[in-house]
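Undergrad: Predicted model and sequence below, questions to follow.
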Amino acid sequence: MTGRSIRLSRRNVDALITALALPALLLLIFVYFFGGAIGGRTGTRYVTYVVPGVLLLCAGFGSSSTAVAVTEDLKGGIVDRFRSLDVSGTAILAGHVLASVARNLLATALVLALAFAIGFRPSASPAGWLAAVSVLVAFILALSWLSAAVGLLARSPEAAGGYTFFVSFLPYPSSAFVPTDTMPRWLAAFSDHQPVTPVIESLRSLLLAQPPGTAPWVALAWCGGILAGAVGVAGVLFRRRVG
C-alpha cells in the first residue's frame, strides 16, 4: 500500500512539484522579503529563526495531498476492490500515511539544503539532530494521520484540500515567523498554547544547541494525542464510509 501511494505521487507531477517547491519558495520569501524588518526582533539571523517554522509548513502542505488521495480512493471505488481482496482499512490508510511521511522528509531535506545555501548554520550535536528529527517525524506522522481522517470525512478531493488548509494555517499564528510577545495579547495566548508552537520551539532549541526545557516533551505529548485521536477517528470514519 505504501509503494502504491508513492507511485501515485510520482505520477501526479504537478502536486509533487508544488509540495516540494512551495516550502522552498516560502523560505526565500520570508528571509529576503520580511527578514530585514523582522530579524532585529528575533535575537538571531532571521534565516536561523525561521527555518523550523518553514519545516512545519512543509508538513502541512505535504499532508494535504494525503487527504486528497484518500478521498480520491473512496470516490474512485478502489477501496471496495481492496476490501474484496481482504485488505484491511488500516493497511490502506497506513500506506497513504507512510507515503506522506516519505514525501515530507524529502521536502524537508530540500528546504534544509536551501537553508544551508542561504546562511543557515545550526550548531546541534549529533544527539541534538537526532532529537530534532524525532520530534519532526512525530509531528509529520500525527499530521498525516489527521489528514487521512480528513480525507475520509470529505466528500470530494476539492473539499479535502480545503479542509486541510486550516491545519496548514496553524504555523502562522505561532512562534514560527515572529516571537509571540510581539503579538496582541489574545493572539499570543493562543499561539503559546496551540500544538505547533512547542514543536517549533523544540526544533529551534535543539538545532541551535540551546536548552530546550520542557518544549520537546510538550511537543511529543501534543503529537501523541493528535496521533491517537486521528487513528481512532479514522477507524470509525472508514467503517462508516466503507461498511
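TA: Right, received. Where do you want to start? Only a predicted model underlies this, so the values are computations on that prediction, with no experimental measurement involved.

Undergrad: then the helix or strand where Ile38 lies to CSV, C-alphas only?
TA: Per DSSP states H and E: Ile38 is located in helix 35-38. Only the C-alpha atoms of helix 35-38 are listed here, as CSV (Å, rounded to 0.1, in the frame of the first residue of the first chain):
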residue,chain,number,x,y,z
GLY,A,35,13.8,39.2,7.2
GLY,A,36,15.2,42.7,7.2
ALA,A,37,12.1,44.1,9.0
ILE,A,38,11.6,41.2,11.5
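
Undergrad: how about Asp181, phi and psi?
TA: Backbone torsions for Asp181, taken as degrees, to the nearest 10, come to phi -70, psi -10.

Undergrad: Wait, it touches Leu187, no?
TA: No. Look at Asp181 against Leu187 with CB atoms under 8 Å: they stay out of range, at 10.9 Å. C-beta: built from backbone N, CA, C; applies to glycine.

Undergrad: ok, now how distant is the residue sitting furthest away from the middle of the chain from Gly77?
TA: Distance from the centre of the chain peaks at Ser84, with 32.7 Å (CA atoms, centre = their mean). Distance from Ser84 to Gly77, counting by CB to CB, to the nearest Å: 11 Å.

Undergrad: returning to what we had before: now do the helix holding Ile38: which elements does it pack against?
TA: With contacts defined as 3 or more CB pairs under 8 Å, 6 or more residues apart in numbering; DSSP states H and E, the packing partners of helix 35-38 are helix 46-76.

Undergrad: Just the mean pLDDT for the helix it packs on, thanks.
TA: Per-residue pLDDT over helix 46-76 has a mean of 84.

Undergrad: tell me which residues of the next helix-or-strand element following that helix are tucked away?
TA: Going down the chain from helix 46-76, the next helix or strand is helix 78-84, by DSSP H and E. For helix 78-84, a neighbour-count test (16 or more other CB atoms under 10 Å) marks Val79, Phe82 as buried.
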